[in-house]
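1. Predicted coordinates and the sequence they were generated for:
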Amino acid sequence: MSEKPPILMWFRRDLRLSDHEALTAACQSGRPVIPVFLHDELTRSHGAAPLMRLGQSVESLQRALEENGSRLILRKGPALETLLQLIEETGAGSVYWSRMYDPVTRKRDETVKAALKERGIDAKSFAGQVLFEPWTVQTGTGGFYRVYTPMWKTVKDRAVPDAIAKPTAIPAPETWPQSDTLESWALAAAMRRGASIVAAWQCVGEGAARKRLDDFFDAKVEAYKERRDFPAEEATSQLSENLAYGEISPRVIWHAGWRAHHEGAKGAEHFVKELVWREFSYHLAYHTPEIVERNWRPEWDEFPWNEDESHPNVIAWKQGRTGEPFVDAAMREMYVTGKMHNRARMIVASYLCKHLMSHWKIGQRWFEECLTDWDPAANAMGWQWTAGSGPDAAPYFRIFNPATQLEKFDAKDAYRRRWIAEGSARPSETALSYFDAVPLSWGLDPKASYPERIVTLAEGRDRALAAYEAR
């Protein structure tokens, strides 16, 4: 190895080369850089769809590093143990990584950093996948924001540093440590027969993310505010997938958004607001880590939600067979594409928590299993917001009516036809693909009759309101 001890550049959910503070610092150190990705205790806990999508992103990063004269070393095992093994093999004197802000990852990272420093290893973390690190945004009294709008007003005019260019060179070590193969990890195995179907809908890697961003500002941003709630239209950026794996940085999106706004694009500021909503979820996950696992508002702990995941109504909801077309279309979209339109997410969440009186954690866990754009903070925040148990939440008595929502946002039935095959003489390919993706054990047939409603909307609404008033 080189006389200068190498730096292990530990990639996590920052799978890109540009606007990467940790990678840039490592490359500027004058020392060899060994990029590393670990299949550790955290990645093993991922649901089937996000784990498959993570594998796609890691493969894309592998190619990008090789094109720049470097490599990505893959190792499987507990994070600390595996890093120490690599340090012993390579003589590395430092480990660099990008910070993450959800409680589970923070706990792991704090343990790793303390143990490395105790052994005399230089362990450095750098700003991660947010615009504003959680401790840098405060209310007038020095606390953190519990309501989104005041936070938006505080940060919208803040100066955000320009994105950092990709390193011109990534210094390589004289010899490389051995690496696992990505194939040996079989990250898509849990998806079973649905893997190839869902994989085809993904837009993977840094280059694809940049193109997606450019396409949005070229053709969609002008009408974004007015059309973003129509699920059959391609009116959104769809960048949540790429943000989730760090294939694009929020700074790049922020500057593109404000640039479009200053050039007169009507929907650009509203688009940036959505980016800051993501920031809000991470700030809350940092300051109130309980948000990812229990009711943010403890007064909801005694609410009589159903918590039985085997309840027939819950099974029908998961399978997209509730008899409620907007709900079913959305759930099937997720099963085929790994994603779901944001308006549809609110509808299916409200339906589960209110019409079916089932706990938001059931939905949180199912989304964690099925979404390829799964993000721990945004997922928890979204579910608690809809359920009424979270910060700045929609009032529990605000109950979305899936039927009237479908009439308003899918008046021509395009979304329903795209994803529901039953009852159609000529079902669409997308609707039929749902039956190819789901487990055979579900025993579903596109030629069967469309299911009857498992609960009438009036009955579900009345039951939810009665439970709310009886708290």
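-> All right, it came through fine. Numbering: from 1, shown residues only.
2. what does the strand ranked longest in the chain contact?
-> Longest strand in the chain by number of residues (criterion: DSSP state E): strand 33-39. The contact list for strand 33-39 (CB atoms under 8 Å, 6 or more residues apart in numbering) reads 6-12, 23, 26-27, 58, 61, 65, 70-77, 79, 82-83, 86, 90, 92, 170-173, 176-177, 180, 185, 187. C-beta here means a position set from N, CA and C on the backbone, and glycine is covered the same way.
3. now swap in stretch 377-395 and tell me
-> 101-102, 146-148, 240, 278, 280-282, 284-285, 288, 291-293, 295-297, 300, 303, 345-346, 349-350, 353, 360-361, 363-364, 367-368, 371, 396.
4. hmm, try it at 7 Å
-> Applying CB atoms under 7 Å, 6 or more residues apart in numbering, the set of residues contacting stretch 377-395 from outside is 102, 146-148, 278, 281-282, 284-285, 291-292, 295-297, 300, 345-346, 349-350, 353, 360, 363-364, 367-368, 396.
5. repeat for stretch 170-184
-> Residues outside stretch 170-184 that contact it (CB under 7 Å, 6+ apart) are 1-2, 6, 27, 31-34, 55, 58-59, 68-71, 73-76, 86, 89-90.
6. try stretch 143-155
-> By CB under 7 Å, 6+ apart, stretch 143-155 touches 132, 137-139, 273, 276-277, 280, 283, 287, 391-392.
7. Apply 6 Å and report the result again.
-> 132, 139, 276, 280, 283, 287, 391-392 (CB atoms under 6 Å, 6 or more residues apart in numbering).
8. Is it possible to mark the buried ones in the contacts of strand 33-39?
-> By neighbour count, with 16 or more other CB atoms under 10 Å, those hold 6-12, 23, 26-27, 58, 61, 65, 70-75, 79, 82-83, 86, 90, 92, 170-173, 177, 185, 187 as buried.
9. circling back: mind giving me the PyMOL select for the contacts of stretch 143-155, buried ones only?
-> Buried members of the contacts of stretch 143-155 can be picked out in PyMOL with the line below, counting by 16+ other CB under 10 Å:
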select buried, resi 132+276+280+283+287+391+392
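10. Kindly reformat the contacts of stretch 143-155 as CSV containing secondary structure.
-> What follows is those, written out as CSV (DSSP: H, G, I helix; E, B strand; the rest coil):
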residue, secondary structure
Phe132, coil
Thr139, coil
Val276, helix
Phe280, helix
His283, helix
His287, helix
Pro391, coil
Asp392, coil
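11. on that earlier part again, show the buried residues in the contacts of stretch 377-395.
-> Going by neighbour count (16+ other CB under 10 Å), these have 102, 146, 148, 278, 281-282, 284-285, 291-292, 295-296, 300, 345-346, 349-350, 353, 360, 363-364, 367-368, 396 buried.
12. Tell me how far Cys370 lies from Val438.
-> 11 Å (CB to CB, to the nearest Å).
13. tell me the mean pLDDT over the strand or helix carrying Leu84?
-> Per DSSP states H and E, Leu84 falls inside helix 79-90. When pLDDT is averaged over helix 79-90, the result is 98.
14. Against which helices or strands is that helix packed?
-> If you count contacts as 3 or more CB pairs under 6 Å, 6 or more residues apart in numbering; DSSP states H and E, helix 79-90 packs onto helix 103-118.
15. mind running it again at 8 Å?
-> Other elements packing on helix 79-90 under the criterion 3 or more CB pairs under 8 Å, 6 or more residues apart in numbering; DSSP states H and E are strand 7-11, strand 33-39, strand 73-76, helix 103-118.
16. I'd like the distance from it to the chain centre, please.
-> 29 Å (CA atoms, centre = their mean, to the nearest Å).
17. rewinding a little: take the contacts of stretch 377-395 and keep only those in helices.
-> Among the contacts of stretch 377-395, DSSP state H puts 148, 278, 281-282, 284-285, 345-346, 349-350, 360, 363-364, 367-368 in helices.
18. Can you tell me which of those residues is nearest Glu459?
-> Proximity of these to Glu459 was ranked by CB to CB; the top entry is Ser350 with 15.2 Å.
19. For the closest one, which non-adjacent residue is spatially closest?
-> Excluding its sequence neighbours, the residue lying closest to Ser350 (CB to CB, 6 or more residues apart in numbering) is Phe400, at 4.1 Å.
20. Now list whatever residues contact both of Cys370 and Val438.
-> Taking CB under 8 Å, 6+ apart as the criterion, Cys370 and Val438 both touch Tyr335.
21. Please, where are all the helices along the stretch 301-450 of the chain?
-> 312-319, 325-337, 342-350, 360-370, 376-387, 402-409, 414-419, 429-437 (DSSP state H, counting those that start in this stretch).
22. Would you mind saying which of those lies nearest Lys220?
-> Lys220 sits nearest to helix 342-350 of all the helices of the stretch 301-450 of the chain, at 14.1 Å, using CB to CB.
23. So which elements touch the closest one?
-> helix 325-337, helix 360-370, helix 376-387, helix 402-409.
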